[in-house]
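1. no sequence for this one, just the structure:
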């Protein structure tokens, strides 16, 4: 087992956790909108100080790698890299869409055994970043950017119940009317839920190259000209 600092910044929620030997030792969350550049560094400092004050050597940093907010991902990955460089730590990455599934797998025993999981991250308008997993996190539909229409996920909905969740799911509720479609509210990616995925990566020694690792943006960032207020 390892001591891991977990960093999650892929959506409007910013969170950091510290774990050791399969247990979360501390967790910090900010849910009041995207303010990652202000709150993330103090959260990380608190996690590191907790480990230092309890004489717990940190072994690795885990970062949620996307898809998600371009700016949020860059802040999270840059912070994770800085911590790895400063303390000579290993880096592992966790898929944000897989991470969204963790609280359902751990804490929801009211879902059908055959249900498929479709985490969704908002990508503006009627587009979402999504994937479809089974209960073992086996990939049924790879990660993609989907423009959601009535029949977008029909082949999976015809096969089994599909649970839709994440910050992109609410806008799809009125569009996807299939009787096998189920929607869950309030599911957000959190650092404290990264533990099983991060420990799996550490056990498999799936280290990222700290110098060259980049988040999984899925789509390139497109800068736009600011609107003129006055002509």
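-> Happy to help now that I have it. Because the structure is a prediction, the values reported are computed rather than measured.

2. What separates the first and last residues of stretch 112-125, distance-wise?
-> Using C-alpha to C-alpha, to the nearest Å, the end-to-end distance of stretch 112-125 comes out at 30 Å.

3. which of the residues in that stretch are buried?
-> Along stretch 112-125, the positions that meet the burial threshold by neighbour count (16 or more other C-beta atoms under 10 Å) are 115-123. Quick note: C-beta positions are derived from backbone N, CA and C, even for glycine.

4. got CSV for those residues, with pLDDT too?
-> Below are the buried residues of stretch 112-125 laid out as CSV (pLDDT from 0 to 100):
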residue, pLDDT
115, 97
116, 98
117, 98
118, 98
119, 98
120, 98
121, 97
122, 96
123, 94
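
5. Grab the nearest non-local neighbour of the residue most central in space within the chain.
-> Centroid-nearest residue in the chain: residue 96, 2.6 Å away (criterion: C-alpha atoms, centre = their mean). In space, and not counting its chain neighbours, residue 96 is closest to residue 10: 4.3 Å by C-beta to C-beta, 6 or more residues apart in numbering.

6. how many neighbours does that neighbour have?
-> The number of residues packed near residue 10 is 32, by other C-beta atoms under 10 Å.

7. what sits against it?
-> The neighbours of residue 10, taking C-beta atoms under 8 Å, 6 or more residues apart in numbering as the test, are 64-69, 72-73, 76, 96, 121, 189.

8. In these, find the pair that's most separated.
-> Distance extremes for these: the farthest pair is 76 and 121 at 14.0 Å, using C-beta to C-beta.

9. quick one on the thing from earlier: per-residue confidence at the residue nearest to residue 96?
-> What the model reports as pLDDT for residue 10 is 97.

10. Please settle this for me: is it part of a strand?
-> No - note on residue 10: no strand contains this position according to DSSP: H, G, I helix; E, B strand; the rest coil, which reports coil.

11. how far away is it from residue 194?
-> In this view, residue 10 and residue 194 are 11 Å apart by C-beta to C-beta, to the nearest Å.

12. Buried residues of stretch 53-70, list them for me.
-> Using 16+ other C-beta under 10 Å as the test for burial, stretch 53-70 gives 58, 60-70.

13. quick one: that stretch to chain centroid distance?
-> Going by C-alpha atoms, centre = their mean, to the nearest Å, the spacing between the C-alpha centre of stretch 53-70 and its chain's C-alpha centre is 12 Å.
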